[in-house]
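Chemist: Sequence first, predicted model second:
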Amino acid sequence: MTIPVLEAKGLFRTYGARKALNDVSITVQPGEMVALIGPSGSGKSTLLRNATGLITTDEGTGSVKLLGIDVQKDGKLADSVRQARARVGFVFQQFNLVGRLSLFQNVMLGALGRLPFLQGFLGQWPEADQNRAMQALARVGVADYAAQRANTLSGGQQQRGAIARALVQGAEAIFLDEPVASLDPVSARKVMELLRDLNQRDNVTVIVTLHQIDYATKFCDRIVALKAGQIVYDGPKDGLTRDRLIEIYGAEFDEETGDAAPKEEPVPEAAGRSGQTIWEKALQWALVLAMVVGGGFALWQQAKPRETADVIFSILATENSQNLGERWKPLLADMEKQTGLKIKPYFQTGYAPLVTAMQFGQTQVGWFSNKPGWEVVSTGKAEVFLRSSDPSGIDGYNSVVIVNKNSPLTIEDLLTCDRSRDFGMGDASSTSGTLAPMTYLFAPRNINPSNCFKTVRSANHEANVRSVAAGLLEAATNNSTSLQVLGAQDPELIKKVKVIWTSPTLPEDPIIWRKDLDPVKKQKIRAFFLNYGRQGDKAQQDRERAILASLSFGLFQPANNDHLLPVRQMQATEDLMKAQQTGDVGKIDAAKKAFDAIQLEAEQAKARAVPPLPSTPTEGYAIEGKAVKK
């Protein structure tokens, strides 16, 4: 027998002489998306707060269970209320993010319920929870803002962050109280599309109060309408006829827009268990203080790898991090042996924590894609010192768009923009997953992916391949190198997809270090990379080149910050196209000046280009400080 997500019976709630709830009963099954609607003061918010134990019913009335766990009965909170709340998320109209904390830290607060008190107090987040937080931010489309303070974000971005916090919590159901009431129409639509996507794809139960009737009927299959504290309609959206809506809303119903006047219900006071002692209340306040202090401490700790090491090397996990760790192990072991330094890898599934970690000195060396590489370098605290190459000898790689092998879609079909298809993009900071397709595919056609497709999901390259192969996405971005690596690991998977669009050649990835890294360590690390695969006898060279090839690397080449100019040109091109689309003369002029400045810098860089190294060591590059002769 399926256990209901919500089972509420006989709820009464009185404020003075007004009955906010008058014998309300409701059951919601797993996987439903339910809208609570009704005129101002009808009891929508009161019902939602009663359902989650934020307030209690009148004494001696009603009972509420969440996922079969008692929340309250007869006007008193149950001892198991915290157990029930741990399995559901609650999103408020005003976001309730901590403004001075980064978005990443706010989302990490969703994991507090799983941590021992001291660990949460000190902000010592497990790596699995950090990964879950970045995946949640990517899932809701705001991973690019992970390092920004919450109070610098737009309302829509903050609300999506609040939803991500519920995902990190592991919520099986999300209760949302007027989540789009304070948002502009575009942001409101995106939040509702996200909720529908979470409901349909991830089977998250959604219960949401709305005053926008059109959103309720567009995104929710079941509508529950309240009036004067009672449920007056509970059924499919098709049953909400014009006459029924006028009956529910009366003078508030706007026949021209099919909507209701947006008026907020008074916010009821929060509930506490009866009979609390002063010590229990003191403990509650102490826990609140601990969360605030712990959150502040966690901001300092953000993205910090904690194991002692001479050098912490950051690596983007474009696939399962456990598999990637195994593939990187031989190279990292050789790096330790040949440099004499203790090297600790730092894997992350998103670019934002990698950028943040290097910016604040928590990592010293890292493999980056070009766009996030520029984000790091532009802080003034890091610089490019190497670049990768392809084992085939062909310099560069390509962004691609893939579809299922049985799909008849062409790129022209995909770009009809009828909002009927689900599309996958890469991380917001991914060069091949986002910037290149925006620059070479969408911007020249004046297409905004969010307005072109039914949904746009952000994920890493492996996840996008698997989603396309399984038919969960009609198409997605990827890159030629990622497809090559995944093809070697899982040939059957790659046979299930095909490429329908290929970008111009993109520059290989940079290797970046902190400017303040100890010069001796710099010398050892640079020597290791430049000599790896070039040194020793043929057996050693073959072994080292095989290790590099397993990571889809050829021999490393010297480089500097000029390596990032092509991606800066791409970004400037996209920015100029977007400015031209607005028709705003000021924006166009500013974008044109920025574009011209980067073009000039690129021309000047040609004269100082770093020549590639041959396949054998050259004079002047050292292994542990000793020059290597030909």
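Modeler: Good, I have the coordinates.
Chemist: Run through the strands of the stretch 451-600 of the chain in chain order.
Modeler: 455-458, 475-479, 497-506, 510-514, 557-558 (DSSP state E, counting those that start in this stretch).
Chemist: pretty sure residue 156 is touching residue 182, no?
Modeler: No: contact between residue 156 and residue 182 fails when scored by Cβ atoms under 8 Å: they sit 9.6 Å apart. (Each C-beta comes from the backbone N, C-alpha and C, glycine too.)
Chemist: so where do the helices sit in the stretch 201-350 of the chain?
Modeler: Under the criterion DSSP state H, counting those that start in this stretch, helices of the stretch 201-350 of the chain are mapped to 213-219, 242-249, 278-301, 321-339.
Chemist: Pick out the shakiest of those helices, pLDDT-wise.
Modeler: Of all these, the minimum mean pLDDT falls on helix 278-301 (a mean of 52).
Chemist: so how many other residues sit close to residue 170?
Modeler: When counting by other Cβ atoms under 10 Å, one arrives at 15 neighbours for residue 170.
Chemist: Give the residue spans of the protein that score low on pLDDT.
Modeler: Applying pLDDT under 70 to the chain flags residues 1, 117-123, 144, 251-308, 317-323, 349-350, 393, 614-630.
Chemist: Find the nearest non-adjacent residue to the residue nearest the centre of the chain, please.
Modeler: What sits nearest the mean C-alpha location of the chain, by Cα atoms, centre = their mean, is residue 138, with 1.7 Å. Among residues not flanking residue 138 along the chain, residue 458 sits closest, at 4.5 Å (Cβ to Cβ, 6 or more residues apart in numbering).
Chemist: residue contacts, the one you found?
Modeler: 138, 139, 141, 143, 424, 425, 426, 427, 428, 434 (Cβ atoms under 8 Å, 6 or more residues apart in numbering).
Chemist: Residues in a beta bridge with the residue lying closest to residue 4 once chain neighbours are set aside, which ones?
Modeler: Excluding the flanking residues, the one nearest residue 4 by Cβ to Cβ, 6+ apart is residue 27, at 5.0 Å. Bridge pairing for residue 27 (DSSP bridges) gives the partners residue 7.
Chemist: surely residue 27 meets residue 3?
Modeler: No: contact criterion Cβ under 8 Å: residue 27 and residue 3 do not qualify, at 10.7 Å.
Chemist: mind giving me the domain split of the chain?
Modeler: The chain resolves into domains spanning 311-393+509-560+610-627, 397-506, 562-606 when parsed by automatic domain parsing.
Chemist: want to throw those domains into CSV with distance to residue 72?
Modeler: Shown next, in CSV, are the domains of the chain (distance: least, Cβ to Cβ, whole Å):
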stretch, distance to residue 72
domain 311-393+509-560+610-627, 39
domain 397-506, 37
domain 562-606, 51
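Chemist: between those domains, which gets nearest to residue 160?
Modeler: Among the domains of the chain, the nearest to residue 160 by Cβ to Cβ is domain 397-506 (11.4 Å).
Chemist: count of neighbours near residue 494?
Modeler: Using other Cβ under 10 Å, the number of residues around residue 494 comes to 19.
Chemist: For residue 570, which non-adjacent residue is spatially closest?
Modeler: Nearest one to residue 570, counting by Cβ to Cβ, 6+ apart, is residue 439 at 4.5 Å.
Chemist: show me the contacts for the one you found.
Modeler: Contacts of residue 439 by Cβ under 8 Å, 6+ apart are 570, 571, 573, 574.
Chemist: And the closest residue to residue 73 other than its chain neighbours, how far from residue 24?
Modeler: Closest residue in space to residue 73, ignoring its immediate chain neighbours: residue 63 at 4.4 Å, by Cβ to Cβ, 6+ apart. Applying Cβ to Cβ, to the nearest Å, the value for residue 63 to residue 24 is 12 Å.
Chemist: Looking at these two, which one has more neighbours?
Modeler: residue 24 (25 against 18).
Chemist: a helix runs through that one, doesn't it?
Modeler: No: going by DSSP: H, G, I helix; E, B strand; the rest coil, the assignment for residue 24 is strand, not a helix.
Chemist: pretty sure it contacts residue 231?
Modeler: Yes: in this structure, residue 24 is within contact of residue 231 by Cβ under 8 Å, at 5.9 Å.
Chemist: Can you get me a residue count around residue 589?
Modeler: Residue 589 has 11 neighbours, counted by other Cβ under 10 Å.
Chemist: One more: residue 140?
Modeler: Residue 140 has 27 neighbouring residues, counting by other Cβ under 10 Å.
Chemist: how close does it sit to residue 94?
Modeler: 18 Å.
Chemist: thinking again about what came up before, which one (most neighbours) among the contacts of residue 458?
Modeler: The most crowded member of the contacts of residue 458, judged by other Cβ under 10 Å, is residue 426 (30 neighbours).
Chemist: Not counting sequence-adjacent ones, nearest residue to that one?
Modeler: In space, residue 426 comes closest to residue 433 once its chain neighbours are excluded; the distance is 1.4 Å by Cβ to Cβ, 6+ apart.
Chemist: cool, and residue 483?
Modeler: residue 494 is the one closest to residue 483 (Cβ to Cβ, 6+ apart), at 6.3 Å.
Chemist: do residue 137 as well
Modeler: residue 143 (4.2 Å).
Chemist: from what I can see the one you found touches residue 427, true?
Modeler: Yes: with contact defined as Cβ under 8 Å, residue 143 reaches residue 427; the gap is 6.0 Å.
Chemist: Now do the buried residues in stretch 446-458.
Modeler: 449, 450, 452, 453, 455, 456, 457, 458 (16 or more other Cβ atoms under 10 Å).
Chemist: One more: stretch 533-551?
Modeler: By neighbour count with 16+ other Cβ under 10 Å, stretch 533-551 contains the buried residues 533, 534, 535, 541, 544, 545, 547, 548, 550, 551.
Chemist: next one: stretch 486-497
Modeler: By 16+ other Cβ under 10 Å, the buried positions in stretch 486-497 come out as 486, 490, 493, 494, 496, 497.
Chemist: And it, how far out from the chain middle?
Modeler: Here stretch 486-497 is found 26 Å from its chain centre; the criterion is Cα atoms, centre = their mean, to the nearest Å.
Chemist: which ones are touching residue 484?
Modeler: Residue 484 touches residue 552, counting by Cβ under 8 Å, 6+ apart.
Chemist: now it: how far from residue 425?
Modeler: 20 Å.
Chemist: ok, now residue 466?
Modeler: Residue 466 is 15 Å from residue 425, by Cβ to Cβ.
Chemist: Residue 132 now?
Modeler: 20 Å.
Chemist: next one: residue 402
Modeler: Taking Cβ to Cβ as the measure, residue 402 falls 12 Å from residue 425.
Chemist: which neighbours do those two share?
Modeler: With Cβ under 8 Å, 6+ apart, residue 402 and residue 425 have common neighbours 476, 477.
Chemist: Need the overlap of contacts for residue 63 and residue 24.
Modeler: 8, 10.
Chemist: Thanks a lot, catch you later.
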